[in-house]
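Asks: Need the 3D shape of this:
(one chain, ligands or ions: 1)
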Amino acid sequence: MSGGPLRTVYGVPQAVLDDTRSFLRERGLEGCEGTALWVGRPGPSDGEVDITRVFVPEQVCLKTPDGVAVRLTEEAHYTLTDHLEVGERFYCRVHSHPKEAYHSETDDANAVITHQGAISVVVPFFARKPLRLKGCAVYRLEHGRGWLPLAEAEIARTFGVRP
Ligand SMILES: [Zn+2]
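Replies: Numbering: from 1, shown residues only. Alright, predicted model coming up:
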């Protein structure tokens with residue numbers, strides 16, 4: 001295996017992008033950020049993961065004078081893995097922002113998925129446009145270094161969108 005979990009390539013069906021966008025868009029129309037998780041399984045070759053579906057955990061929308069945020073309910077946190085079948089795993093967290101996409105301090109501290117190589121995608125403008133990963137801010141968790149942003153070329157190498 002070359003490079004371990006930090007070199008994983010994710011196959012993402014277009015339907016997963018579409019489902020994720022519909023959910024985030026719906027939340028956005030109510031002025032709320034949304035969080036979705038991408039579920040997948042190891043792919044046919046080493047270093048490949050097939051994303052298979054979107055899971056939407058129970059969450060609350062927070063609106064404060066400083067802006068909006070989204071948080072999973074405590075119940076959702078503790079029962080997340082109950083929603084996985086054998087062999088499945090949560091690989092990516094995808095959440096929306098009202099404006100620009102970037103990792104806030106809250107996002108850095110967020111402990112929904114924490115494995116080496118975990119991916120966090122931030123979708124700008126409440127997903128008002130069809131979801132394209134190139135237009136998002138994408139971060140990868142390197143233990144000991146934190147959530148590191150991926151450059152556009154790295155985003156293109158990391159995801160393969162499938163029809
Ligand atoms: Zn955020």
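Asks: Every contact and neighbour count from this point should use C-alpha atoms.
Replies: Fine.
Asks: helices or strands up against the strand or helix carrying Val49?
Replies: Here Val49 sits within strand 48-55, counting by DSSP states H and E. Packing partners of strand 48-55 (3 or more C-alpha pairs under 8 Å, 6 or more residues apart in numbering; DSSP states H and E): strand 9-13, helix 14-29, strand 35-42.
Asks: average pLDDT across the last one?
Replies: When pLDDT is averaged along strand 35-42, the result is 98.
Asks: Buried residues of that strand, list them for me.
Replies: Across strand 35-42, burial judged by 16 or more other C-alpha atoms under 10 Å covers Thr35, Ala36, Leu37, Trp38, Val39, Gly40, Arg41, Pro42.
Asks: what's the farthest-apart pair in those residues?
Replies: Using C-alpha to C-alpha, these reach their maximum pairwise distance at Thr35 and Pro42, which is 22.8 Å.
Asks: the residue most distant from the middle of this structure, which is it?
Replies: No residue in the chain sits farther from the centre than Pro65, which is 25.8 Å out by C-alpha atoms, centre = their mean.
Asks: could you check the angle strand 9-13 makes with the strand holding Val49?
Replies: In terms of direction (axes from the mean of the first three to the mean of the last three C-alpha atoms, to 10 degrees), strand 48-55 departs from strand 9-13 by 40 degrees.
Asks: Sheet-wise, list the partners of strand 48-55 with their directions.
Replies: strand 9-13 (parallel), strand 35-42 (antiparallel) (DSSP bridges).
Asks: Quick one, which of these gets closest to Ala153.
Replies: The nearest among the strands paired with strand 48-55, by C-alpha to C-alpha, is strand 9-13 at 13.0 Å.
Asks: Nearest to Thr52 among the helices and strands packed on strand 48-55 would be which one?
Replies: Nearest to Thr52, of the helices and strands packed on strand 48-55 and by C-alpha to C-alpha, is strand 35-42 at 5.0 Å.
Asks: how far does stretch 33-41 sit from the chain's center?
Replies: The chain centroid and the centroid of stretch 33-41 are separated by 5 Å under C-alpha atoms, centre = their mean, to the nearest Å.
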